[in-house]
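In: return a 3D structure for these sequence lines:
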Amino acid sequence: VVVYFFLYWSAPYIASFYSQPELKQITRVMGVSLIISAFRIVQQAKLVIALNFRIQAVFSVIAVVVSGLIGIYMAYHQFGVWALVVQSLVSAFISTVSFWIYSRWMPLWTFSIQSFQELFSFGSKLLLAGVLHTIYSNLYTIVIGRKFSSVDLGFFSRGQTMAYFVPSNMTNIVTMAMYPILCSIQDDYVKLKKTFKVYIRLVCFIFFPIMIILAVLSEPIIKIVLTDKWLPSVFYVQILCIAYMWDPLMRINANILSVVGRTDYSLKSEIIKKVISVIVLFITIPFGIDVMCIGLALYCIIDLLVSTYYVKRIIGLGFWDEMRNIYAFFILSLVIGGVVFVVNIFVESDLLKIFIGTLVGIGLYISMCIIFRIKEVFDFWSIINSYLLQKK
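Out: As a prediction, this is how the structure comes out:
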């Protein structure tokens, strides 16, 4: 509530900063999603502790699909930026209502100083790190909106939204699933390291091909979903897919610092990373948005380097150790990306490009994983089989 009132108060100044008077109302309306989302924090945390991720995934998918359809409908009917505003509010509302309906927890009107002190000593550093990350996450939008036109900002924002769709939804599910499991072995660093390596391999096995295929198929997807007028977003989607494909690995490394209680490392690494990110941003601004996106992709590698430096100090697993652990998935993903690109040259229909490209990409990736006997493809198949047997 405090953050929202600050946002409400600062809305006129934000509009003045961008020389866009309509931003005053947009900021105040969109900020309501902060309050809506805050009401589901405890319910969501209880589901994480109970390792009930299926329900969270269902709620997330429902919210994303419904809000996305509403956003697309409004965009087609010329609602402009308000389509994005309503999409954000609807997503937050559906998620919050879903958690409240499912959860039986109700708040008590009492305050515990002891609990506050215990939580604050652990969470304050994470809070500061989170604030820094949130500021950084919106920094590109702020700078592009100020230095370039609103049209350029729209193309960038749409490209960023599309590229970050998979990581933003799936990475949260993965990290929430990992956290309580890793916490249960936090004192056994040997077992923690072994489990951590298993997780990063499985996550990269899934994420790398998805992001590469999305990058290659971004043009036909945008043509069909958003129409030709959004084609300038294609390059942004492609570069940002390369950048955000590292997001799960970045988040998992940051997660391990919290697991072992080293929130001081979390804050230190976040400060270092954000200082570097600002330097990269301001170096690339004079060269245009395209170069800014390339700079963002390079920064993601730097982010990973910094995070793994601190992870290595705890469990002895550094940047190059992790790269050796996952390089096969990266190479295979690049190969299928190249094949899908070549295949689509001979396909005229955008819909067929998406359909054929996806089938060829997934089929070739799985085939190569089987040929090279990559363990994760068999593990993943076992997980699917177990799930199907449970359904029966």
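In: from here on, contacts and neighbour counts on C-alpha atoms
Out: Noted.
In: now do the buried residues in stretch 164-175.
Out: Of all the residues in stretch 164-175, those buried under the rule 16 or more other C-alpha atoms under 10 Å are Tyr164, Val166, Pro167, Met170, Thr171, Asn172, Ile173, Val174, Thr175.
In: quick check, nearest of these to Thr227?
Out: Tyr164 (19.5 Å; C-alpha to C-alpha).
In: how close does the closest residue in space to Gly318 that isn't next to it in sequence get to Val166?
Out: Computed as C-alpha to C-alpha, 6 or more residues apart in numbering, the closest residue to Gly318 that is not its neighbour in sequence is Lys312, at 4.7 Å. Going from Lys312 to Val166 by C-alpha to C-alpha, to the nearest Å gives 28 Å.
In: quick one, domains of the chain?
Out: 31-105, 114-391 (automatic domain parsing).
In: figure out the length between the terminal residues of the shortest one.
Out: It stands for domain 31-105. End residues of domain 31-105 are separated by 26 Å (C-alpha to C-alpha).
In: I'd like to know the average pLDDT value across it.
Out: For domain 31-105, mean pLDDT is 81.
In: pLDDT averaged over the helix of greatest length in the chain - what is it?
Out: Secondary structure of the chain per DSSP state H: the longest helix is helix 113-147. For helix 113-147, mean pLDDT is 78.
In: can you list the residues that contact the helix or strand that comes right after that helix?
Out: Using DSSP states H and E, the helix or strand that follows helix 113-147 towards the C-terminus is helix 150-163. If you take C-alpha atoms under 8 Å, 6 or more residues apart in numbering as the criterion, helix 150-163 is touched by 141, 144-145, 211, 214-215, 230, 232-238, 240-241, 244.
In: now swap in stretch 91-98 and tell me
Out: Ser33, Ile36, Ser37, Phe39, Arg40, Phe59, Ser60, Ile62, Ala63, Val64, Val66, Ser67.
In: got the CA positions of it in PDB?
Out: Coordinates of the C-alpha atoms in stretch 91-98 are reproduced here as PDB (Å, rounded to 0.1, in the frame of the first residue of the first chain):
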ATOM      1  CA  SER A  91      -3.600 -11.300 -14.500                       C
ATOM      2  CA  ALA A  92      -3.000 -10.100 -10.900                       C
ATOM      3  CA  PHE A  93      -6.700 -10.300 -10.000                       C
ATOM      4  CA  ILE A  94      -7.200 -13.900 -11.400                       C
ATOM      5  CA  SER A  95      -4.100 -15.200  -9.600                       C
ATOM      6  CA  THR A  96      -5.000 -13.600  -6.300                       C
ATOM      7  CA  VAL A  97      -8.600 -14.800  -6.400                       C
ATOM      8  CA  SER A  98      -7.500 -18.300  -7.300                       C
END
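In: pull out the buried residues from it.
Out: Ser91, Ala92, Phe93, Ile94, Ser95, Thr96, Val97, Ser98.
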